[in-house]
Structure formats: structure tokens, C-alpha cells
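Undergrad: What follows is a predicted protein model with its sequence.
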Amino acid sequence: MKIAMLAVVLLLTGCAHSNVQDRGNGLHSVTASANWGGVTGSREETIAQANDFCGRSDQIAAIESFEDQPGVGPKGEQTSTLAFRCAPRPHLQLR
């Protein structure tokens, strides 16, 4: 029973809603906050969400720009917004 409950929780967590916004002409944006790592932490979180979004169509995120919010939020978090496009994965040719 505990294993079944854990499986349901993991399944629901994997289906979390993404806050990726369509900005038109293939450009997307995502905003994320992190209370660890400052600007680097919030940027890493936006990159992870962008790659998850693009990964659904077997692509990767190509970063266009970052916009970091000045200061720190009430819970000590830093917020960043990433503008990106989805691009084909590079094909590696090993010799």
C-alpha cells in the first residue's frame, strides 16, 4: 500500500504545471525563484524548466537572454526570467 501511494505522489509531482509563456515567433520565457545560490540558483532553475519544456519535443533550450530581478524576495529568494527558443539537439559524430 505504501509503495502504491509513493508511486502516485511521484507521478503527480512529475506532472507539475510549467510556467513557460509563449512570446510569439518561437520565443518563450520562464520565470523561477530560488532561495539558494542567489542569481545562479534562479538561473539554473529557469534553464532546467526550459530544457524540460523543449525536451518534450526532443529539443534543447537555446538561451536568448536573462532578466534578473534586483534585490531579494521576502523569503530570501532571487528571481530570474529566461527568454529562450527550442532548438534541435546537436548530433555528435565521434571518430
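TA: Cool, got the structure.
Undergrad: From now on I want contacts and neighbour counts done on CA atoms only, so please keep to that.
TA: Noted.
Undergrad: So for the spatially most central residue of the chain, what's the pLDDT?
TA: What sits nearest the mean C-alpha location of the chain, by Cα atoms, centre = their mean, is Q49, with 1.3 Å. For Q49, the pLDDT comes out at 97.
Undergrad: mind starting the numbering at 18 from now?
TA: Shifting the count to begin at 18 puts that one at Q66.
Undergrad: The helix or strand where it lies packs against which elements?
TA: Using DSSP states H and E, Q66 maps to helix 55-72. Under the contact criterion of 3 or more Cα pairs under 8 Å, 6 or more residues apart in numbering; DSSP states H and E, helix 55-72 touches strand 44-51, strand 76-85, strand 95-105.
Undergrad: Poorly predicted segments of this structure, please.
TA: Flagging of the chain using pLDDT under 70 yields the residue ranges 18-35.
Undergrad: if we go to 50?
TA: Where the chain drops to pLDDT under 50, the residues are 18-19, 21-34.
Undergrad: Next, the buried residues of the helix holding Q66.
TA: 55-56, 58-64, 66-72 (16 or more other Cα atoms under 10 Å).
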